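# I would like to see how this sequence folds:
(one chain, ligands or ions: 1)
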Amino acid sequence: MISSFMTKKPENLSIVIVGASGDLSTKKILPALFALYCQGFLPEDFRIFGFARTPLSNDEFRSRITEHLTCRYAPSESCADRTNEFLTHCFYSPGKYESRESFLDLYQFMQETEKSQATNRIFYLAIPPSIFLDTARAMAGAGLVICEPGSYWSRVVIEKPFGKDRESSDILTRGLAEVFSEEQTYRIDHYLGKEIIQNLMVLRFANLVFEPIWNRSFIKRIHIDWKENIGVENRGGYFDEYGIVRDVIQNHLLQILALIAMEKPVTVSSRHIRDEKVRVLKSISPVTLDEMVLGQYTEGITNNISNVAYTREQAIPADSATPTCAAVILHVNNKRWNGVPFSITAGKGLDSRSSEVRIQFRELPENIFCNVPQCLPANDLIIRIQPDESIFLNIINKKPGLDLSLVETNLNLRYQSTFSGKIPDAYERLILDVIEGDKGLFIRSDELAAAWDIFTPVLHKIDRLKIKPELYPFGSSGPSSIQKLLTKDD
Ligand SMILES: NC(=O)c1ccc[n+]([C@@H]2O[C@H](COP(=O)([O-])OP(=O)(O)OC[C@H]3O[C@@H](n4cnc5c(N)ncnc54)[C@H](OP(=O)(O)O)[C@@H]3O)[C@@H](O)[C@H]2O)c1
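Next up is the predicted model:
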């Protein structure tokens, strides 16, 4: 270990999960809280309050979450004890999201259960975005969202999607700001909590070998690719409203791009990191239709299983034009990146599940090993986000033997085999940061606005012109036009 950072554990803590009956709460938030508990990151005096419309008793709530708690950080012999101890900190209060009275009941229940009058509180809004504002107002109306600087604090966590375009995102930001200040607001993009994404800054700024060549003189193009080999499954209703650009590209993948392209922050403080991300996002030109491809999967067979077309999935209108796959080319207009295309592709119903970043270096200008340009592949740096988090550097080597023949090989760093110990889940990292008040991995409102400015004009144009996506078979590599777009400058 080269360096580590001290943790700032509060004396006490109540975490309110609004929408506690849902998938996110049960499968991600509560297991992450349990992992933090097992590692000693939660204060002794902590409570978790689930809130949702579904009527549940404390015991029913506890048994619902038990099956998703895994003892990754507790020895197996004490697993049951640790689980039972954790569950004694979990409570449930049913109510309606837009009802001040429901939140008054919750508030009273919390005060009866909490030990201290001055308890730090986190409100995690694990609910559909359409009810964020009414819920926040009802919470404020019940006097639940209070803080006393220097004594105790309240923080709110919200999940993407943060709006559907710049305007709706601004409305959401302004509405939430009536209840929670920007300082109290933590906008989660769970991709930023992934270990390998946090490593991007370290890779760039802690290694002398990369920073001097991290620019247009040495890098030819940068490609970010995200693929899923499943369809929309039970998220059809949500997905059809948003589509792949709003669901994945405008947030997760653009955030990765920002970390790759930004200038070195003055320090690693959250303010300085976010300042640089905003600056680079503001230097990206809005996407245009001629640098974009939209696709939608039709039926297809994978592993002898037939998959239905997107328009025949549950909750999807038969005439839906929502893209399930897209490619865009972005241009970062600054001294470092002028002329370097940043391409992003993302799709569902494709041939595999993976996401990675490929940094493609330029060809060697004078190559003594062959007399034609491009006789050897250029170097590539590949950062694989999933599956099997890894970093590869493709280099040219001499193939062992008596003749001089060259071969492309890779230097590889596989997280699972290189780093002993467990790799934390993104939600563990992010929830711990909320508890400790570290905002470096959360999206600031001006960053969100800058991200929407890149995509809003083209999204509006697609809606206005009713542009139909290009069809591709489920299980294929996606629309054929994507390859044409990505290689148009070659
Ligand atoms: N699941 C994930 O991995 C994930 C990833 C990224 C972002 N998100 C975002 O996180 C939030 C929660 O995700 P989720 O998957 O847990 O959502 P969910 O299961 O659809 O909804 C959470 C809870 O909200 C209530 N609810 C659902 N639809 C509602 C409606 N139309 N009106 C009022 N209440 C409603 C339900 O509880 P009651 O009926 O008991 O009230 C439900 O259990 C969403 O904003 C989602 O977009 C989720």
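
# what's the longest helix seen in the chain in contact with?
Determined from DSSP state H, the single longest helix within the chain is helix 445-465. Applying Cβ atoms under 8 Å, 6 or more residues apart in numbering, the contact partners of helix 445-465 are 162-167, 169-170, 173, 177, 182, 185, 187, 245-246, 249-251, 254-255, 258, 274, 277-278, 281-282, 284-289, 292, 294, 330, 443, 467. (Glycine included, C-beta is placed from N, CA and C.)

# buried among those residues? Make that a PyMOL selection.
Selecting only the buried entries of the contacts of helix 445-465 in PyMOL, with 16 or more other Cβ atoms under 10 Å as the criterion:
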select buried, resi 162+163+164+165+166+169+173+185+187+245+246+249+250+251+254+255+258+274+277+278+281+282+284+287+292+294+330+443
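
# so residue 216, which of the three states?
Secondary structure, DSSP: H, G, I helix; E, B strand; the rest coil: residue 216 is coil.

# just the pLDDT for it.
According to the model's per-residue confidence, residue 216 sits at a pLDDT of 98.

# that one: what's it in contact with?
For residue 216, the residues meeting the contact criterion (Cβ under 8 Å, 6+ apart) are 336, 337, 338, 339, 340.

# which residues does the residue of the stretch 1-150 of the chain found nearest the ligand contact?
Evaluated by Cβ to the nearest ligand atom, the stretch 1-150 of the chain has residue 22 as its residue closest to the ligand, separated by 2.5 Å. For residue 22, the contact set (Cβ under 8 Å, 6+ apart) comprises 52, 126, 127.

# tell me how far it lies from residue 65.
Per Cβ to Cβ, to the nearest Å, residue 22 is found 12 Å from residue 65.

# tell me the pLDDT of the residue of the stretch 201-350 of the chain found nearest the ligand.
Closest residue of the stretch 201-350 of the chain to the ligand, Cβ to the nearest ligand atom: residue 238 (6.2 Å). For residue 238, the pLDDT comes out at 92.

# show me what secondary structure element comes after the longest helix of the chain.
Heading C-terminal from helix 445-465, the first helix or strand you meet, by DSSP states H and E, is strand 470-473.

# so what does that next one touch, helix or strand wise?
Packing partners of strand 470-473 (3 or more Cβ pairs under 8 Å, 6 or more residues apart in numbering; DSSP states H and E): strand 292-298, helix 480-486.

# ok now that strand, how far from the chain's centre?
26 Å (Cα atoms, centre = their mean, to the nearest Å).

# which SS class is the residue nearest to residue 201 when sequence neighbours are not counted?
In space, and not counting its chain neighbours, residue 201 is closest to residue 259: 6.2 Å by Cβ to Cβ, 6 or more residues apart in numbering. With three-state DSSP as the basis, the three-state label of residue 259 is helix.

# do the same with residue 356
Recorded secondary structure, residue 356: strand (three-state DSSP).

# quick one: contacts for it?
With contact set as Cβ under 8 Å, 6+ apart, residue 356 has these partners: 224, 225, 382, 383, 384, 385.

# ok, what's across the strand from the nearest residue to it once chain neighbours are set aside?
Closest residue in space to residue 356, ignoring its immediate chain neighbours: residue 384 at 4.5 Å, by Cβ to Cβ, 6+ apart. Counting by DSSP bridges, residue 384 forms beta bridges with residue 356, residue 390.

# what about residue 384, distance to residue 412?
Using Cβ to Cβ, which is the criterion applied here, residue 384 is 10 Å from residue 412.

# show me the common contact partners of those two, please.
If you check residue 384 and residue 412 against Cβ under 8 Å, 6+ apart, the residues they both contact are 390, 391, 392.

# so what's the residue nearest the centre of the chain closest to, chain neighbours aside?
Centrality entry for the chain: nearest residue to the mean C-alpha point is residue 191, 2.6 Å, by Cα atoms, centre = their mean. Nearest non-adjacent residue to residue 191, counting by Cβ to Cβ, 6+ apart: residue 252, 4.0 Å away.

# list the contacts of stretch 43-63.
Around stretch 43-63, the neighbours that count as contacts under Cβ under 8 Å, 6+ apart are 9-22, 25, 30, 33, 37, 64, 87, 89-97, 102, 106, 109-110, 113-116.

# restricted to helices, list those.
Under the assignment DSSP H, the contacts of stretch 43-63 contribute 30, 33, 37, 64, 87, 102, 106, 109, 110, 113 to helices.

# next, give me the two most distant ones among those residues.
37 and 102 (27.3 Å; Cβ to Cβ).

# picking up where we left off before, give me the buried positions along the longest helix of the chain.
Of the residues in helix 445-465, those with enough neighbours to count as buried (16+ other Cβ under 10 Å) are 445-459, 462.

# returning to what we had before: need the helices and strands packed on strand 470-473 in CSV (columns: mean pLDDT and distance to the ligand).
Conversion of these to CSV gives the following (pLDDT from 0 to 100; distance: least, Cβ to the nearest ligand atom, whole Å):
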stretch, mean pLDDT, distance to the ligand
strand 292-298, 98, 21
helix 480-486, 95, 25
